[in-house]
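# Can you look at this prediction? I've put the sequence above it.
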Amino acid sequence: MKWYTPEDDTSPVISCRVRLARNFKKYNFLSKLQAPQAEEMVNEVGGILLGLKNTNFQFVDIMKKSNVEKLSLLEYHKISLDLLRGKQPRGLVSSADDTIHIMLNEEDHIRIQSIAPGKNIQKAYIAADHTDNLIEQKIEYAFDESLGYLTSCPSNTGTGMRASYMVHLPLLEKMGKLQNIVNSLSRAGMTMRGIYGESSDSIGSIYQISNQCSLGRSEEEIIGILENLTNQIVETEMETTQANIKRAPIYFEDQVYRALGVLQNCRQIDIKEARRMISVLRLGVVSGLIKNPADISIYTLMMNIEYGNLKLSMGVDLPDSEIDVARATYIRNVLNG
Amino acid sequence: MLCDNCKKNQAAVYIEQITNGETTEVNLCYKCSLDFHSPMFLNNILKGMFHNIGEKNVATIQCPSCQITLSEFRKTGKLGCNQCYPTFKKEISTILKNIQWGTSHRGKIPQKNSADLLVKKEVQRLRREQATAIEREEYEEAARLRDKIKEMELGGEEQ
């Protein structure tokens, strides 16, 4: 992910994303779409996107990718688990700069995803909206005057939009404050979940804050609510960090330098420990205690040590029994320059 | 560590999930992880809601376009086509009231074939602004908005 740079390690906010769900009027939704029509639909949208002027989209033939390559796309958040597991003809169209990924025939016919590093949700929305306008000139969407964009699942209807911030919240997690935050978010039609699995507790302390509701408010209103609530959560995380440092500076320093020591010297490390240690390292960098010793952002490091990405970079023939050794080697190389 | 499912291969993928407040941790090899179907969080909520809807004619109500039945929709939480929305209007409306902010779309409208709708939505938006202006006793602004609404409505008729 070339656009994640070490400069992004200055705030609990890692990145933001906007997803727009759209469907053709003329085709059935996924659950009732026959394979030949699904293929026709994927080719039609693929053709439209690749034929656009002044854009640089590439078609990724997901059906021909190996399992490890598909897993890697998932770990970089370019595709969803549903697209990876799907049995129907499906596809992925990505922009050359890696900021737009359009999943074809996932839960809906078209899912435009736009990602930007840091606090840039407006930028991500403008890019997604622009791509949506380009597609809309060529096809007729399933749209209803009163219900908005019609989607396969009624939970996405209306704007079809899911806007989210990915945030690193180690202190709020440690202080047991997350449940209260989730409850407050839920009352505002918003939600927060750990990015690793469905759990409310996520190893690596990385969470995604997003709108749960999609109908009844405009895109701008949804983004406004998300910005406002994310700002409050992030400020609380930073205040809690500073209060903890002030209360026990040596303990804080000890934790950060221990994590750095483990990561720079380990000879084998499983994914859970690696995520935990890298999370502490990021906290140390964001709080200003240490400088990021790597030339990639800490979050990129966290993604690169996942199973699929590691296998792709260290050799697909790597046996699973040696994956923890390979992970340790990779982390040492990155952090020791 | 061996895979919790096949007990043969080395576990490589770690999955955590919460169901009814209980956390389950599973360590799987890559092969088994592909077959692991974690229940979709939202789908479960939806399925729970369907139980509140009357049980009459569940199997017989069917979408004329894609042939999906109401019971199929209840089971999966997924609709078959855009015609399912008018077909299962009552059920969908109950769901939307429970899970959404409102039941009326206030966001983006496709530009193509929607000139009349765009005017209508803009007039609705201006009326909301006008009501707010009156509430705040900003009568000049309210009068400006009233004229703008009139202008837009006349423009729409001429078209």
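Received, thanks.
# Chain neighbours aside, what residue packs nearest to the closest residue to chain B within chain A?
Among all residues of chain A, A:Gly216 sits closest to chain B, at 2.7 Å; criterion: CB to the nearest CB. In short, each C-beta sits where N, CA and C put it, glycine included. Spatial nearest neighbour of A:Gly216, excluding adjacent residues (CB to CB, 6 or more residues apart in numbering or on different chains): B:Gly102 at 2.7 Å.
# which SS class is the one you found?
On the three-state scheme (DSSP: H, G, I helix; E, B strand; the rest coil), B:Gly102 is labelled coil.
# Please name the nearest non-neighbouring residue to B:Thr60.
Leaving out its chain neighbours, B:Thr60 is closest to B:Thr69 (CB to CB, 6+ apart), at 7.4 Å.
# That neighbour: neighbouring residues, count only.
Neighbours of B:Thr69 under the rule other CB atoms under 10 Å in any protein chain shown: 17.
# what bridges to it?
Judged by DSSP bridges, the bridge partners of B:Thr69 are B:Gln62.
# pLDDT score assigned to it?
B:Thr69 carries a pLDDT value of 91.
# thinking again about what came up before, OK, contacts around the residue of chain A closest to chain B?
Contacts for A:Gly216 were tallied using CB atoms under 8 Å, 6 or more residues apart in numbering or on different chains; they are A:Gly158, B:Gln100, B:Trp101, B:Gly102, B:Thr103, B:Ser104, B:His105, B:Arg106.
# Nearest the geometric middle of chain A, what residue?
A:His77 (4.6 Å; CA atoms, centre = their mean).
# Report the secondary structure element holding the closest residue to it other than its chain neighbours.
Nearest non-adjacent residue to A:His77, counting by CB to CB, 6+ apart: A:Ile115, 7.1 Å away. Assigned by DSSP states H and E, A:Ile115 belongs to strand A:110-117.
# By mean pLDDT, which helix or strand of chain A comes out lowest?
None of the helices or strands of chain A scores lower by mean pLDDT, DSSP states H and E than helix A:81-85, at a mean of 89.
# Which secondary structure elements does that one sit against?
Judged by 3 or more CB pairs under 8 Å, 6 or more residues apart in numbering or on different chains; DSSP states H and E, helix A:81-85 is in contact with helix A:67-75.
# Same question for the helix it packs on: list its buried residues.
Residues of helix A:67-75 classed as buried: A:Val68, A:Glu69, A:Lys70, A:Leu71, A:Ser72, A:Leu73, A:Leu74, A:Glu75 (neighbour count, 16 or more other CB atoms under 10 Å in any protein chain shown).
# same question, stretch B:130-138
By 16+ other CB under 10 Å, the buried positions in stretch B:130-138 come out as B:Gln130, B:Ala133.
# Give me the contact list for it.
Stretch B:130-138 is contacted from outside by B:Tyr139, B:Glu141, B:Ala142, B:Leu145, B:Arg146, B:Ile149, using CB under 8 Å, 6+ apart.
# Wait, A:Ile115 touches A:Ser95, no?
No - the pair A:Ile115 / A:Ser95 is not scored as a contact, 10.1 Å apart, by CB atoms under 8 Å.
# Only whichever of the contacts of A:Gly216 are buried, select them in PyMOL.
Burial among those is assessed by 16+ other CB under 10 Å; the matching PyMOL selection reads:
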select buried, (chain A and resi 158) or (chain B and resi 100+101+105+106)
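# Which single one of the contacts of A:Gly216 is nearest to A:Lys174?
Of all the contacts of A:Gly216, A:Lys174 sits closest to B:Trp101, with 32.6 Å by CB to CB.
# Tell me the spacing between the nearest residue to the closest one once chain neighbours are set aside and B:Asn5.
Excluding its sequence neighbours, the residue lying closest to B:Trp101 (CB to CB, 6+ apart) is A:Gly216, at 3.1 Å. Using CB to CB, to the nearest Å, A:Gly216 is found at 42 Å from B:Asn5.
# Need the phi and psi values for the residue in chain B positioned nearest to chain A.
Relative to chain A, the nearest point of chain B is B:Gly102 (2.7 Å; CB to the nearest CB). Phi and psi for B:Gly102, reported as degrees, to the nearest 10, are phi -160, psi -170.
# Go ahead and confirm it touches A:Ser218.
No - using CB under 8 Å, B:Gly102 is not in contact with A:Ser218; the gap is 11.1 Å.
# what ranges of chain A fall below the confidence cut-off?
Scanning chain A for pLDDT under 70 picks out A:1-3, A:6, A:197-202.
# and the top strand by length along it with chain B, contact?
Longest strand of chain A, by residue count under DSSP state E: strand A:13-22. No - Strand A:13-22 is not in contact with chain B by CB under 8 Å from any CB of the partner chain; minimum separation 8.8 Å.
# just the CA coordinates of that strand, formatted as CSV?
Coordinates of each C-alpha in strand A:13-22 appear next as CSV, following Å, rounded to 0.1, in the frame of the first residue of the first chain:
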residue,chain,number,x,y,z
VAL,A,13,-6.5,7.7,12.9
ILE,A,14,-5.0,5.3,10.4
SER,A,15,-7.2,5.7,7.4
CYS,A,16,-10.7,6.3,6.1
ARG,A,17,-12.9,4.6,3.6
VAL,A,18,-16.2,5.2,1.8
ARG,A,19,-18.1,2.3,0.3
LEU,A,20,-21.0,2.8,-2.1
ALA,A,21,-23.3,-0.1,-2.9
ARG,A,22,-25.0,0.0,-6.3
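# rewinding a little: wasn't the residue of chain A closest to chain B part of a strand?
No - residue state for A:Gly216 (three-state DSSP) corresponds to coil; a strand is not indicated.
# For it, give its distance to A:Thr157.
Noted for A:Gly216: a distance of 10 Å to A:Thr157, by CB to CB.
# Many thanks, have a good one.
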